[in-house]
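Enquirer: okay, here's the prediction I keep looking at, along with the sequence it came from:
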Amino acid sequence: MYQYDLIVIGSGPAGRRAAIQAAKLEKRVLVVEQGRRVGGVSVHTGTIPSKTLRETALNLTGWRERGFYGRSYRVKQEISAEDLRRRLLITLDHEVEVLEHQFSRNRVHQLRGRASFVDPHTLDIEKTDGEIVRVTGASVLLAVGTRPYRPPHIPFDNDAVLDSDELLEIKRVPRSMIVVGAGVIGIEYATIFSALDTQVTVVEPRDSMLDFIDKEIVEDFTYQLRDRNMKLIFGQAVEAVQREEGGGKCRVTLKSGRTLQAEMVLFAAGRVGATDSLNLAAAGLEADNRGRLKVDPETFQTAVPHIYAAGDVVGFPSLASTSMEQGRIAARHAVGVPASEPPQYFPYGIYAVPEISTCGLTEEEVLQRGIPYETGIAHFRETSRGHIMGLDTGMLKMIFSLKTRRLLGVHIVGEGATELVHIGQAVLNLKGTVEYFVENTFNYPTLAEAYKIAGLDAWNRMGEGPKEAPVATGQSTDTAADVPSDTKKKAASK
Ligand SMILES: Cc1cc2nc3c(=O)[nH]c(=O)nc-3n(C[C@H](O)[C@H](O)[C@H](O)COP(=O)(O)OP(=O)(O)OC[C@H]3O[C@@H](n4cnc5c(N)ncnc54)[C@H](O)[C@@H]3O)c2cc1C
């Protein structure tokens, strides 16, 4: 009766994973993408470009070697915007190629154009040449993502006052930059440009940043940023942004009356769901004031049961990694194939310089729940690998339940944090205890050895566990109440 079993709007992580999943279940799938190339924000303006930029900046500046050769060490003295873009373009081409191949191999149909609802099962796709193609689907997945929030009082000029999409097109590396917003995107770019020797000032209206991260980790991170001369201004909102006539400096006036000057301003204060052109009303749907859609967190169904939404358009955690998983679950539900429950914990990675990564409960959450606990901390400079790499910063923190001895949370700041966190994630999801870290052998010399050091640090204060604890596997038989809640509940509380 319908042309397609599933129509997916958007080819970012959520849409891509959903489409491939449904195609693998031998369903007729169409992906509609308004962009010139597939991949979404993740490939073209978000995850991959920002991480490529970070890698290029760290390589060209010799950042990782400065522990040995001093703060003035540089691999390349003058780093140009062209240096930064070259690697970006190669990486993006490669990503798009892999995606296109995945779609064609799995016989996913594609249409380029902007989709909007005609009725709950029918969509019009407006191609760039104006032609309109009408398609029908038994189910529809909205994986349209977000775009930067651009309030009208900010004079964006695609040259010196920029949002995070435009930042990727800069023609020069600025000597100074003001970043408005200390969210994940603002902080990532602020620290990347600081590594490129740009004098960076971050302005954030709230009194703190990254509130969902363990406070001790944020304190260590903040200390590192200030130590390298980044200015962090909290508790002050931006009133106005102006640029001097003739393309001069940018002036940012804060509500307090203070003014700041810089060559460039990055406005990174939030994103809005890209739902305005979907004609949601024709489908019986409505977005919230930030363009986001509400879904059932188990199935990703919207208020109209055959229409699903997944990825950034449904809100926190707004990660490429979690968007993929949401897309997969939504697609399976849409075509009537049950999805296994996702594991309890997912990691959150912040690719700032230095990296932060976290999985499970923060110390503040553990305290809030009244769980008796102990923490263990390791500094990377305590590991032999850290000595070899010349690291004098970086720390790993674990939190254990005193009752069950289970790991409740792992929090890392420093080199390799986003990779290292997966050891903690595995132990968390397999319900391992402090004994896992104390009794297992870790490769030597590695940064992963920090897990052993932190485990021992906690164990020294926790003492021996009950003899019957099955320590060989790290599995606890205790399923007491202080087992952390599932990630969906955590997500809902953010
Ligand atoms: C600067 C930055 C850095 C980031 N870094 C990370 C990171 O390090 N790790 C991480 O996990 N996540 C990161 N993210 C987040 C990550 O990019 C998003 O979570 C992810 O892209 C969301 O995927 P999605 O499938 O929801 O949609 P998107 O990737 O946003 O894709 C949506 C697609 O839908 C298309 N579309 C929209 N409306 C229509 C329409 N009406 N018709 C047709 N097509 C339409 C758009 O053109 C777009 O291609 C970052 C984001 C940004 C902005």
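Expert: Structure's in. What do you need? Numbers count the residues shown, from 1 in each chain.
Enquirer: longest helix anywhere in the chain?
Expert: helix 81-105 (DSSP state H).
Enquirer: now do the helices in the stretch 151-300 of the chain.
Expert: 184-195, 215-227 (DSSP state H, counting those that start in this stretch).
Enquirer: the longest helix of the chain and the ligand, are they touching?
Expert: No: residues of helix 81-105 contacting the ligand under C-beta under 6 Å from any ligand atom: none, with a closest distance of 11.0 Å. Where C-beta positions appear, they are placed from N, C-alpha and C, glycine not excepted.
Enquirer: show me where the stretch 301-450 of the chain has helices.
Expert: 320-334, 363-368, 384-389, 417-429, 434-439, 449-462.
Enquirer: so what's the closest residue to the ligand within the stretch 301-450 of the chain up against?
Expert: The minimum distance from the stretch 301-450 of the chain to the ligand, using C-beta to the nearest ligand atom, falls at Gly311 (2.0 Å). By C-beta atoms under 8 Å, 6 or more residues apart in numbering, the contact set of Gly311 is Gly10, Gly12, Pro13, Ala14, Gly15, Ala143, Val144, Gly145, Ser323, Gln326, Gly327.
Enquirer: quick one: contacts for Glu100?
Expert: Counted by C-beta under 8 Å, 6+ apart, Glu100 has contacts Val38.
Enquirer: any figure for the gap between it and the ligand?
Expert: Computed as C-beta to the nearest ligand atom, to the nearest Å, the Glu100 to the ligand distance reads 14 Å.
Enquirer: take the contacts of Gly311 and write them to CSV, including pLDDT, secondary structure and neighbour count.
Expert: Formatted as CSV, those follow (pLDDT from 0 to 100; DSSP: H, G, I helix; E, B strand; the rest coil; neighbours: other C-beta atoms under 10 Å):
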residue, pLDDT, secondary structure, neighbour count
Gly10, 98, coil, 32
Gly12, 97, coil, 30
Pro13, 97, helix, 29
Ala14, 98, helix, 36
Gly15, 98, helix, 30
Ala143, 98, coil, 33
Val144, 98, coil, 31
Gly145, 98, coil, 26
Ser323, 97, helix, 30
Gln326, 97, helix, 28
Gly327, 98, helix, 29
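Enquirer: and of those residues, the nearest to Ala283?
Expert: Closest approach to Ala283 among those (C-beta to C-beta): Val144, at 12.8 Å.
Enquirer: pretty sure the closest one contacts Leu280?
Expert: No: the pair Val144 / Leu280 is not scored as a contact, 10.5 Å apart, by C-beta atoms under 8 Å.
Enquirer: centre-most residue in the protein?
Expert: The residue lying closest to the centre of the chain (C-alpha atoms, centre = their mean) is Leu319, at 4.2 Å.
Enquirer: residue ranges with poor pLDDT in the chain?
Expert: 466-494 (pLDDT under 70).
Enquirer: show me what from it comes close to the ligand.
Expert: 9-15, 32-35, 40-42, 46-47, 50-51, 114-115, 143-146, 164, 185, 274, 277-278, 311-313, 318-321, 323, 349, 351.
Enquirer: hmm, Arg54 is touching Ile350, no?
Expert: No: using C-beta under 8 Å, Arg54 makes no contact with Ile350, being 11.0 Å away.
Enquirer: shared neighbours of those two, which are they?
Expert: Glu188.
Enquirer: of all the helices of the stretch 301-450 of the chain, which lies closest to Val75?
Expert: Nearest of the helices of the stretch 301-450 of the chain (C-beta to C-beta): helix 384-389, 16.0 Å.
Enquirer: touching that closest one from outside, list them.
Expert: Contacts for helix 384-389 (C-beta under 8 Å, 6+ apart): Arg64, Gly67, His379, Phe380, Arg381, Gly394, Glu415, Tyr444, Pro445, Thr446, Leu447, Glu449.
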